[in-house]
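Engineer: This is a predicted model, with the sequence first.
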Amino acid sequence: MSGVFGDTLTFSQEEGGDVELVAFGDDKYARYETLDGYTVIYDPDRGAYAYAHTDGSGAERRFVSSGVLLSEPPPEGLARHLREGQLYRREVVKGRMMEMLPEEERAETDPESLLTFGPVKGLLPGFTLTKGDVQGLTILVDFPDTPTEVTVDDVSALLNSPNFTANGNRCSVKEYFRTMSTGRLRFTNTVVGPFRMSRPRLAYRLKRNRGKLVPEALQAAVDAGVDFSRFDSLGRGVVDSVCIMYAGRTEFLEDLWPHNSRFPAEIDGVRTDFYTVTSIGDTAADLSIGTFCHESGHLLCRFPDLYDYGTIEREGDDFTSAGMGTYCAMAGGDSLGDGFLPSAVCVYLRRLVGWTRDVDISVPGSYEAKQGEYDKALIYHNPQRRNVEYYLVENRSRLGFDSRLTSSGLAVYHCDIKGSNEFQQGTQVHHYQCALLQADGHLDLETGRNSGDGADLYGPTAGTAVSHSSRPPSLWWDGSESGLTISRISPPGEVITFRTGEESTAGRLVSGESAPQAAIPEDDAGGLTDAIALEGAGTVRELTVTIDIEHRRIGDLRVVLLAPSGRRALLHNRTGGDTKNLRLTLTSQPPSLLAPLVGDAVAGSWNLKITDAVTPAAGTLRSWKIAIRTGT
């Protein structure tokens with residue numbers, strides 16, 4: 001399933017031309033808004049999008065068309081950002097999940113059990129194809145109103161070529177999976193078509209025609225003489241893979257939404273099972289590997305999505321978060337470089353399907369993490385929940401498949417196969433299946449603030465970067481101490497070195513001072529920044545800061561202390577009115593303004609930034625000093 005979370009996309013209409021809408025959700029449930037926040041639905045009677053209002057009340061309310069098209073002003077009094085009821089949304093999702101099951105399994109399946117992703121030891125239900133030669137069938141289709149000039153050879157090169165770089169693609173789909181599996185999986189596709197569908201393209205994105213595209217495409221291939229028995233590599237009587245690619249750009253609606261599901265049909269003595277749907281694009285220049293790799297990851301490997309759908313009420317919350325963001329192709333990483341340069345599949349998922357060998361880093365010592373060494377898993381086990389909960393460490397420097405990541409450095413993942421990336425709460429019961437410890441401690445992925453930023457991965461650190469007292473800490477999900485301590489991390493690159501085990505630095509005092517006698521610029525957002533460089537290993541256990549600023553009116557001043565990691569503590573924020581001169585001594589004893597910096601690494605440049613909001617009231621930073629008592 002390909003999720004979209006507030007993306008602005010272009011949608012077609014039968015009447016009135018294309019419109020830009022903001023979309024939220026996936027192929028199981030989605031909602032759409034205008035750019036200024038009004039909820040819309042497609043009105044098939046008008047052949048265009050119309051403003052939506054809700055019918056019913058409470059948990060069962062649902063969208064209905066107001067009959068007012070987007071070319072007109074919204075109905076008077078219509079509220080923005082409407083939601084359908086939680087119960088209704090949940091029932092829609094469960095119904096569509098049940099459709100994925102063979103008919104004989106539906107009566108014995110509890111729909112509630114389908115709502116958690118990764119229920120089979122972290123993977124989705126179904127047979128996995130993760131090793132050996134897998135022969136997929138890719139069916140190209142177009143429409144009476146949307147023919148395609150993209151050829152079988154164009155698509156075959158995208159899927160199979162050993163040296164494919166057209167349009168800026170990193171490689172072909174086959175090479176992507178060969179690289180991620182270190183040669184274990186060789187996924188090749190035979191491409192047929194294009195076959196003309198019976199309906200216009202827009203018809204397949206209407207609810208009333210849901211489920212029509214796949215059987216029609218399969219029948220077109222049968223009518224053309226395609227031998228489906230050729231695509232059963234293991235002799236199971238089941239076709240390995242069916243991929244349907246449709247003409248035109250991606251439409252995030254109904255049958256045209258890129259997705260993975262199952263459609264059992266008896267053909268040529270074999271049975272079809274899992275399939276994917278993606279788009280071809282308008283021309284061959286639109287062909288990219290990202291979405292195809294993401295959906296094939298579901299189909300072949302039964303990888304779950306590593307992000308939170310929130311808005312479709314799958315796990316009882318109503319909150320969308322980024323999960324693993326761009327740091328895995330099974331989260332948002334498939335869209336990097338507009339899909340031409342997807343990120344790697346993270347080591348957590350590669351390990352689940354047996355593509356890696358374990359290297360235990362619980363023994364204190366020095367270790368190497370090599371970028372692109374996809375068959376190694378640097379692992380720290382929970383001895384009480386072995387192979388259920390653990391930490392993994394991986395080199396995610398901006399090289400190779402990770403060249404478009406927003407951050408570069410050492411990645412630390414907290415993993416639990418019984419978790420779900422639907423659970424962004426981070427509690428003992430509700431937590432991610434695979435969570436990235438974000439080095440800046442901001443939890444931007446969990447809160448949905450972004451899908452990755454430059455401070456997520458661990459850069460060069462002379463002291464301790466990860467420990468029970470760092471932020472974020474290396475605790476188990478039940479809150480107990482894991483014992484994982486990572487220190488002495490080298491800069492990003494082909495090889496990152498690091499140490500595990502406690503550093504013998506606890507209780508040491510590290511201090512520095514500066515007396516710049518520097519003028520503070522007036523009415524200048526840049527202000528004055530002065531630095532004190534500290535050396536030594538360890539993290540901040542206790543912190544004391546002393547500041548001496550000469551100024552006529554301290555109510556004009558804002559003072560921020562920035563740690564080497566980029567974390568910050570606001571020490572003074574334009575309070576004190578006409579009081580002269582700011583002389584502060586602050587400690588980290590709670591409650592404290594310095595609390596955000598406890599647990600941070602000691603070594604590096606500590607910066608004091610002072611801004612003066614008003615003129616004329618010139619001031620001077622006379623001196624300041626910092627004293628740190630280290631912890632492990």
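Structural biologist: Now that the structure is in, tell me what you want to look at. Numbers count the residues shown, from 1 in each chain.

Engineer: If I look at residue 463, what pLDDT would I see?
Structural biologist: At residue 463, the model reports a pLDDT of 77.

Engineer: Confirm it sits in a strand?
Structural biologist: Yes. Counting by DSSP: H, G, I helix; E, B strand; the rest coil, residue 463 is found in a strand.

Engineer: So what's the residue count around it?
Structural biologist: 26 (other C-beta atoms under 10 Å). In this view, the C-beta of every residue, glycine as well, is placed from N, C-alpha and C.

Engineer: now the end-to-end length of stretch 454-461.
Structural biologist: 16 Å (C-alpha to C-alpha, to the nearest Å).

Engineer: Check which residues of it are buried.
Structural biologist: 455-461 (16 or more other C-beta atoms under 10 Å).

Engineer: and this structure, what are its domains?
Structural biologist: Using automatic domain parsing, the domains assigned to the chain come out as 4-98, 116-301, 350-500, 509-631.

Engineer: Between those domains, which one is closest to residue 340.
Structural biologist: Residue 340 lies closest to domain 116-301 among the domains of the chain, at 4.6 Å (C-beta to C-beta).

Engineer: Centre of the chain to that closest one, how far?
Structural biologist: Relative to its parent chain, domain 116-301 has a centroid offset of 23 Å by C-alpha atoms, centre = their mean, to the nearest Å.

Engineer: now the helices for the stretch 51-200 of the chain?
Structural biologist: Under the criterion DSSP state H, counting those that start in this stretch, the stretch 51-200 of the chain contains helices at 86-98, 103-106, 152-160, 173-180.

Engineer: Looking at the buried residues of stretch 454-461, which one is closest to residue 247?
Structural biologist: Closest to residue 247, out of all of these and judged by C-beta to C-beta, is residue 456, at 38.0 Å.

Engineer: re the thing from before, ok, of the domains of the chain, where does mean pLDDT dip lowest?
Structural biologist: Looking at the domains of the chain, the bottom one is domain 4-98 with a mean of 85.

Engineer: that older thread, could you dump the helices of the stretch 51-200 of the chain into TSV and include mean neighbour count?
Structural biologist: Formatted as TSV, the helices of the stretch 51-200 of the chain follow (neighbours: other C-beta atoms under 10 Å):
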stretch	mean neighbour count
helix 86-98	18
helix 103-106	10
helix 152-160	19
helix 173-180	22
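
Engineer: Of these, which is nearest residue 569?
Structural biologist: helix 86-98 (39.3 Å).

Engineer: now the closest one: how far from the chain's centre is it?
Structural biologist: 23 Å.

Engineer: Need the domains of the chain in TSV (columns: distance to residue 331).
Structural biologist: Below are the domains of the chain laid out as TSV (distance: least, C-beta to C-beta, whole Å):
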stretch	distance to residue 331
domain 4-98	11
domain 116-301	9
domain 350-500	8
domain 509-631	23
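
Engineer: With residue 335 as the reference, name the closest of the ones you listed.
Structural biologist: Among those, domain 116-301 sits nearest to residue 335 (C-beta to C-beta), with 5.8 Å.

Engineer: before we move on, back to that, now tabulate the helices of the stretch 51-200 of the chain in JSON lines and tack on distance to residue 12.
Structural biologist: Putting the helices of the stretch 51-200 of the chain into JSON lines (distance: least, C-beta to C-beta, whole Å) gives the following:
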{"stretch": "helix 86-98", "distance to residue 12": "23"}
{"stretch": "helix 103-106", "distance to residue 12": "33"}
{"stretch": "helix 152-160", "distance to residue 12": "23"}
{"stretch": "helix 173-180", "distance to residue 12": "27"}
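
Engineer: Among the ones you listed, which comes closest to residue 579?
Structural biologist: It is, among the helices of the stretch 51-200 of the chain and with distance given as C-beta to C-beta, helix 86-98, at 52.3 Å.

Engineer: what's the burial count for residue 515?
Structural biologist: 12.

Engineer: residues touching it, list them.
Structural biologist: 622-623 (C-beta atoms under 8 Å, 6 or more residues apart in numbering).

Engineer: can you rerun that using 10 Å?
Structural biologist: With contact set as C-beta atoms under 10 Å, 6 or more residues apart in numbering, residue 515 has these partners: 530, 548, 621-625.

Engineer: Also residue 605?
Structural biologist: Neighbours of residue 605 in contact, by C-beta under 10 Å, 6+ apart: 529, 531-534, 562-564.

Engineer: do residue 516 as well
Structural biologist: 528, 530-531, 608, 620-624.

Engineer: Can you tell me which of the contacts of residue 605 end up in strands?
Structural biologist: Taking DSSP state E, the ones among the contacts of residue 605 that sit in strands are 529, 531-534, 562.

Engineer: what about stretch 27-38, start to end distance?
Structural biologist: 21 Å.

Engineer: Buried residues in that stretch, which are they?
Structural biologist: Applying 16+ other C-beta under 10 Å to stretch 27-38 flags 27-34, 38 as buried.

Engineer: Show me which of those is closest to residue 217.
Structural biologist: Of the buried residues of stretch 27-38, the one sitting nearest to residue 217 (C-beta to C-beta) turns out to be residue 27, at 16.3 Å.

Engineer: for the closest one, what are its contacts?
Structural biologist: Contacts of residue 27 by C-beta under 10 Å, 6+ apart are 1-3, 96, 252-261, 277.

Engineer: Checking it next. Helix, strand or coil?
Structural biologist: coil.

Engineer: again with residue 285
Structural biologist: Per three-state DSSP, residue 285 ends up helix.

Engineer: mind checking how far the closest residue in space to it that isn't next to it in sequence is from residue 196?
Structural biologist: Once flanking residues are discounted, residue 285 sits nearest to residue 167: 5.4 Å by C-beta to C-beta, 6 or more residues apart in numbering. Distance of residue 167 to residue 196, computed by C-beta to C-beta, to the nearest Å: 25 Å.

Engineer: Which one of those two is surrounded by more residues?
Structural biologist: Counted by other C-beta under 10 Å, residue 167 and residue 196 do not tie: residue 167 has more neighbours, with 17 against 14.

Engineer: give me every residue that touches the more buried one.
Structural biologist: 158, 281, 283-289, 338-340.

Engineer: rerun at 7 Å
Structural biologist: Residue 167 makes contact with 285, 287-288, 340, according to C-beta atoms under 7 Å, 6 or more residues apart in numbering.

Engineer: what do you get for residue 560?
Structural biologist: Residue 560 touches 568, 570-571, 609, counting by C-beta under 7 Å, 6+ apart.

Engineer: Any of the residues you listed buried? List them.
Structural biologist: Among the contacts of residue 560, those buried by neighbour count (16+ other C-beta under 10 Å) are 571, 609.

Engineer: Which ones among the contacts of residue 560 map onto strands?
Structural biologist: 568, 570-571, 609.

Engineer: Strands along the stretch 151-300 of the chain, start to end?
Structural biologist: All strands of the stretch 151-300 of the chain, identified by DSSP state E, counting those that start in this stretch, fall at 185-196, 242-247, 259-267, 270-281.

Engineer: and those strands as CSV, adding distance to residue 587?
Structural biologist: As requested, the strands of the stretch 151-300 of the chain are arranged in CSV below (distance: least, C-beta to C-beta, whole Å):
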stretch, distance to residue 587
strand 185-196, 56
strand 242-247, 62
strand 259-267, 55
strand 270-281, 58
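
Engineer: Identify, out of those strands, the most deeply packed stretch.
Structural biologist: Comparing these by mean neighbour count (mean count of other C-beta atoms under 10 Å), strand 242-247 comes out on top with a mean of 25.
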